[in-house]
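build me a model from this:
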Amino acid sequence: MPLPTPSPGSERRVSRSRRKALRRRASLRRRKALARDTRDDGPVPLTGNLLVTLVALLLAVLPGGVVAMVISIPDIRIAAGQVGTPGTMTVLRCIDLPNSKEWDCEGTFVFDTTGETIEVDTRYASVGDVFPAQLNPAGDRAELRGTQGVLIALTPFFMGLGIAVVGAWGSAIILLLWRGVSLSGKFGHVFRISGGSLLAISFTGLVVGLTAELLV
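Here you go, the predicted model:
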């Protein structure tokens with residue numbers, strides 16, 4: 001029995017359906033290939049200008065953090081009694097706002113060794129406060145001596161540490177991701193833990209220092 005001969009119209013319909021199926025399969029292959037490329041640890045698609053801007057902004061704050069840490073070291077050593085002269089500070093007056101916490105107060109400093117009395121400036125004090133102090137090497141300012149004084153002096157140090165970590169750590173993350181370095185492996189784990197730990201330390205130190213200042 002002879003087979004039926006397909007009509008020209010049905011051939012065209014089959015041909016169009018076949019072309020559509022081929023196009024769908026090709027589109028599906030392209031989507032799968034794109035998905036594989038997206039999952040790969042390849043470079044993050046950052047434009048050159050955006051990358052430079054982000055890294056520059058983060059690195060710009062890094063020197064400020066380092067400077068804050070460095071300039072706080074002398075005050076830390078004074079509060080710890082490593083440098084300067086020990087004595088007792090009595091606050092007599094505070095500039096601008098008497099009877100309130102002030103950075104610029106004046107009073108008498110009595111040397112522990114000789115009993116000599118001089119007038120010097122002090123900080124974090126109120127009129128009438130009497131506390132163990134350490135006279136700085138220049139002989140013009142007395143700082144609160146002891147644990148509380150050290151915690152107060154450490155406040156700008158921890159603030160600078162946090163700023164420096166944000167600048168260095170943030171710019172390093174951007175550059176590593178842009179270069180295609182995976183942060184999910186052992187290296188990435190250590191990198192994240194170290195940066196996060198430094199930020200936690202700086203935040204904790206800052207809170208403790210500010211609390212110590214409020215309790216003066």
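
so residue 170 sits in a strand?
No: secondary structure of residue 170 (DSSP: H, G, I helix; E, B strand; the rest coil): helix, not part of a strand.

which of the three states applies to the residue nearest to it when sequence neighbours are not counted?
Taking Cβ to Cβ, 6 or more residues apart in numbering, and ignoring the residues beside it in sequence, residue 170 has residue 58 as its nearest neighbour in space, at 4.4 Å. (Glycine included, C-beta is placed from N, CA and C.) Of the three states, residue 58 takes helix according to three-state DSSP.

mind pulling up the pLDDT for residue 80?
Residue 80 is assigned 93 on the pLDDT scale.

the nearest residue to it once chain neighbours are set aside - how many residues pack around it?
Counting by Cβ to Cβ, 6+ apart, residue 80 lies nearest to residue 150, which is 5.3 Å off, once chain neighbours are set aside. Using other Cβ atoms under 10 Å, the number of residues around residue 150 comes to 20.

so how far is the host helix or strand of residue 150 from its chain's centroid?
Per DSSP states H and E: residue 150 is located in helix 147-178. Taking Cα atoms, centre = their mean, to the nearest Å, one finds the center of helix 147-178 at 4 Å from the center of the full chain.

so the residue nearest to residue 170 makes contact with residue 167?
Yes: counting by Cβ atoms under 8 Å, residue 167 is a contact partner of residue 58 at 4.8 Å.

now for the chain, the helix or strand with the poorest mean pLDDT.
helix 8-39 (a mean of 61; mean pLDDT, DSSP states H and E).

check the offset of the helix or strand containing residue 74 from the chain's centre.
Per DSSP H and E, residue 74 falls inside helix 48-79. Offset of helix 48-79 from its chain centre (Cα atoms, centre = their mean): 9 Å.
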